[in-house]
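S.K.: sequence unknown, structure follows:
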């Protein structure tokens, strides 16, 4: 008997629930330096006493050393989309490239979500706001340098701080700057080693949050140090920069909004003494400030483009009345915002807070900000001074392409782009999934299209009349040829020219262009590859991409430069694709575009493995770091990858006696891997680790270099427990077991009443436990492991009423006879618990959707909110996942994000004690520490487990007593005296005349949206007592609703897009599923709620009877048997061929299925007629006889047979030859009219028998 269980499905859910995160759930295993150690490290580095900072290992330091040489941007022969835009204007993103915790930067990790900024062609500086001096992860520096972008780091001095050059000051900034600015013999001791250190790590700029107080003498000393650093950097051919926020002036005073003038000209510097390369203006500039700044810069002999008009995209988004002033002044542009994540990335929750929703919205947001609201830099909207960061608002934005030209570094051969953004839902090579795991490693990002998206029609124009007829271009994570993404072209168009890459590539006739592509509908590509030459960028040379052999399969087309009409020395300035006459369902994926010299060989150095660190070993995976080197480096030598003939490194893993696996790639000389897949078993722990250097053409490379096999210890047991069924009935036997197949046996398994804590059942030591519980209710599971540590899973077991249905269970499966002849009936009968019943409907909540209840249904501070909920998984943002909110999008920040109350499922958090992930907090207005929960009102010790139904009630009294009940038990009670309601606040950011509605689910800033199922949602106008909570958990029937239960939703029936409010407040307060449209970032004033079609076709909480019919259906697997009739628990079956028969029965309903197989349940024999004699003589049976269209022939012996079909007169009508094996049944159709035929059987050339058959 084989019972279908939840073991496998829950094991999968357990793995997946940890992967869809903004911040990884796995540890950060890469240590970084401390800023305060910089002076000591610098001094030791000068003396050769230390190779890496204190506390940083040799392997970890590799993740901060850039191995990609900074590339120069194209200058000679450059061109632009829009004439009149000054190509000298620059752009700085003075934002973080980081995660919400400000820990991960651009380090490799194993979740999908991460800042994979990709529009490098429009920026000149990335200020890297959360990276301290002098540390920047190579993930950022490598991809920035590849695109000709400078990378900075920041000294984050707080506003109004006092900074002086003294070793005795209490602040770290003063002490560090004191050390760095020491002189000897009139020269700065540390200027030269400082810039040498920056070059070693690949950092260009040092940034200051310069809104501090100091003295004029200190400012002079700093200015002179900066000037000296510039001069020392020039000696070693390094681009050194200072990024200065225009707050602290030459006198050491805070002086905002004065432009570039006499008060800050020294810190800016003149042409011979450059101090600051990016002077970042505060945000209240106007035409007068810019005009004066241009004049001052000219007077100093400096480019006025070294002064940047600052935009606070956190506080103001893109709202600025003076955008047009930039058209009249040669001033650059700078974005700031904010402290943990770039606001462009952080605000990408337009379509939800899942990782894929954020990534798609982030791609779109970047394109709208830089390429304008039409997603095409060739056709930009007019200047818009009132734009938010919401994608709906950005569709009207003028785009930074109004002021900036796109730049490129693509001027070296080979040129290869696979359109990989640097992260993915899986890692692919050559179109095949190599590692089926989410990942992020920004340094693998390819050259991205220079313009996103410059597309024109057959006249090479784009305007309002033709833009909607152009093909749609986008980068997609749905597919990839290499890495995690590719280019997608889709939609109907007569003609679209997609201009992808600005290049300056000098070719020879035998150089080869190639495109790797895939058609998804049909095989016609409808596409051409085109190129254009320097100074002739509208004279296109193009060639058709051939049709593919098969839709959905990658194809590569290669063409020589000479076949495109190119001559030796021609310089290709543009590459792209034309799409022509494509249908509406057209979709083309492009996985690679390249230009290679096929005869070029690369002296790719074979790397040497320096060390491997196995971090953790689980039963089915391990985590490790690997360090290698393509060249031995002495002293402070740093080797670029191009010096050793390398583009990137592939990282391999192999478990002994298992296939080798490619897991990831990187440009660094160290790799970090989490969840390398392993086959479970204590005797299968020997593994090896490998690396391969890949040449710049992406084809050639070294062999894989392997470590010796070593044992990966099993040292991270998992405590996850899975059940063999989703619903359990009173007295029914059920089994709980460890998911981990190698975990040592637990010392005890205990079930406790979730309300009282009383023990109701125990089991002995083992890796699984079987229980029976007679009483309906909710039970916590406590497992004490082999080390004596206990793990509690709240609400793990629910004993629910028989009336709501159960998993089917087959007791017996029998036949009414043991033998029967072909064509005669056999009856199969089963005895089973069908498990049918009437269960509750639930409501599916999938981010960004949320359930909305009109807020006026509950007024004042006396209330209770209650619901049953089951989370699919958690995609926690910085502050967790929204469960319940009462707020209004019409309020200003921060109240629009928090409101009257917020109930949040939290990530792991350190308060007075360490709170594990998935505890629930309950905060109310008046709590101003929004980033953290109120520790006294948390479900401390009570965490939510994905896939488990839990019940929660939050209550509040007029006396400000807050309580939380979890599965019927009071787990928090505290008085918060500052608790107020919106209507009682005098904060002018609150629009108290607007109603704050109640929401279940839905994301926000720093908070993810809930994904799962909810049921039995209740809003009361009083705080419930303990007894009332227990009653509320059971639900209520219409006609017996308590008067204080104002809003009540069971989700049994949808009325259009509404759910009837069964509470006493009536139908004016019906609920609905909504999404927020027009929201992006912290400003939601222009957003709106839009009703969605709800999905309640799902089983709700199994402890409540409802109207969802749980119906059990049987499925039979009978081989060659056919069901002639089927009645209650019986199927009547006939067989055409003799033999011993197996039968399988499956019973399935909404709760699950059971399966039972009985082998050789009946022996079917042939009908005893003349055929029996034939079988005895020739080893052949022929049936049926008479027949309708064909006869079956069954052979008892192996042999070569000829079967001749003769007519009634003996004429040969047809002949069949074949080799048969013992027991084989062959079906032979006999054409012709009804009547008598003869079957002549010949074996090995001899006639065995001639049989008469009759066709009916």
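M.R.: All right, it came through fine. Please read these numbers as outputs of a predicted model, since none were measured by experiment.

S.K.: any idea how far residue 606 is from residue 467?
M.R.: Separation of residue 606 from residue 467 (C-beta to C-beta, to the nearest Å): 51 Å. For glycine as for every other residue, the C-beta is placed from the backbone atoms N, C-alpha and C.

S.K.: what of residue 70?
M.R.: Taken as C-beta to C-beta, the span from residue 70 to residue 467 is 36 Å.

S.K.: so for these two, which residue has more residues nearby?
M.R.: Taking other C-beta atoms under 10 Å, residue 70 and residue 467 do not tie; residue 70 has more neighbours (22 against 17).

S.K.: what residues does the more buried one make contact with?
M.R.: Residue 70 is in contact with 145, 148, 202, 204, 239, counting by C-beta atoms under 8 Å, 6 or more residues apart in numbering.

S.K.: is it in a helix, a strand, or coil?
M.R.: coil (DSSP: H, G, I helix; E, B strand; the rest coil).

S.K.: for residue 155, see how far away residue 657 is.
M.R.: Per C-beta to C-beta, residue 657 is found 54 Å from residue 155.

S.K.: where does the nearest residue to residue 1094 once chain neighbours are set aside sit, in terms of helix or strand?
M.R.: Setting aside the residues directly before and after it, residue 1094 is nearest to residue 1073 in space (C-beta to C-beta, 6 or more residues apart in numbering), at 4.2 Å. Here residue 1073, judged by DSSP states H and E, is contained in strand 1071-1077.

S.K.: what of residue 950?
M.R.: Using DSSP H and E, residue 950 falls within strand 949-956.

S.K.: for residue 32, same thing?
M.R.: Applying DSSP H and E as the criterion places residue 32 outside every helix and strand.

S.K.: for it, give me its contacts.
M.R.: 56, 60, 64, 135.

S.K.: of those residues - the most surrounded one?
M.R.: Top of these by neighbour number is residue 64, holding 28 neighbours under the definition other C-beta under 10 Å.

S.K.: ok, now how distant is that residue from residue 1074?
M.R.: Per C-beta to C-beta, residue 64 is found 45 Å from residue 1074.

S.K.: one more: residue 412?
M.R.: Counting by C-beta to C-beta, the gap from residue 412 to residue 1074 is 52 Å.

S.K.: for the two, indicate the residue with more neighbours.
M.R.: Shown here are residue 412 and residue 1074; by other C-beta under 10 Å, residue 1074 has more neighbours (22 against 14).

S.K.: residue 764 reaches residue 748, doesn't it?
M.R.: Yes: counting by C-beta atoms under 8 Å, residue 748 is a contact partner of residue 764 at 7.3 Å.

S.K.: same drill for these two, tell me which one is more crowded.
M.R.: Neighbour comparison, residue 764 and residue 748: the larger count goes to residue 748, with 16 against 10 (by other C-beta under 10 Å).

S.K.: which residues are in contact with the more buried one?
M.R.: 762-765, 782-784.

S.K.: filter these down to the buried ones, PyMOL style.
M.R.: Burial among the contacts of residue 748 is assessed by 16 or more other C-beta atoms under 10 Å; the matching PyMOL selection reads:
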select buried, resi 763+782+783
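
S.K.: ok, residues contacting stretch 1028-1043?
M.R.: Outside stretch 1028-1043, the residues within contact range by C-beta under 8 Å, 6+ apart are 755, 840, 864, 866, 868, 951, 953, 965, 968, 1016, 1018, 1024, 1045, 1048, 1050, 1062-1064, 1103-1104.

S.K.: thinking again about what came up before, tell me which of residue 657 and residue 155 has more neighbours.
M.R.: residue 155 (19 against 8).

S.K.: what residues are bridge-paired with that one?
M.R.: Taking DSSP bridges, one obtains residue 208 as the residues bridged to residue 155.

S.K.: relative to the helix or strand hosting residue 590, what are the paired strands and their orientations?
M.R.: Residue 590 belongs to strand 587-596 when assigned by DSSP H and E. Note on strand 587-596: by DSSP bridges, its sheet partners are strand 415-417 (antiparallel), strand 486-490 (antiparallel), strand 512-519 (antiparallel).

S.K.: right, and the helix or strand after that strand?
M.R.: Counting by DSSP H and E, the element after strand 587-596 in chain order, helix or strand, is strand 608-617.

S.K.: name the helix or strand for residue 1143, please.
M.R.: Take DSSP H and E as the rule and residue 1143 turns out to sit in strand 1139-1149.
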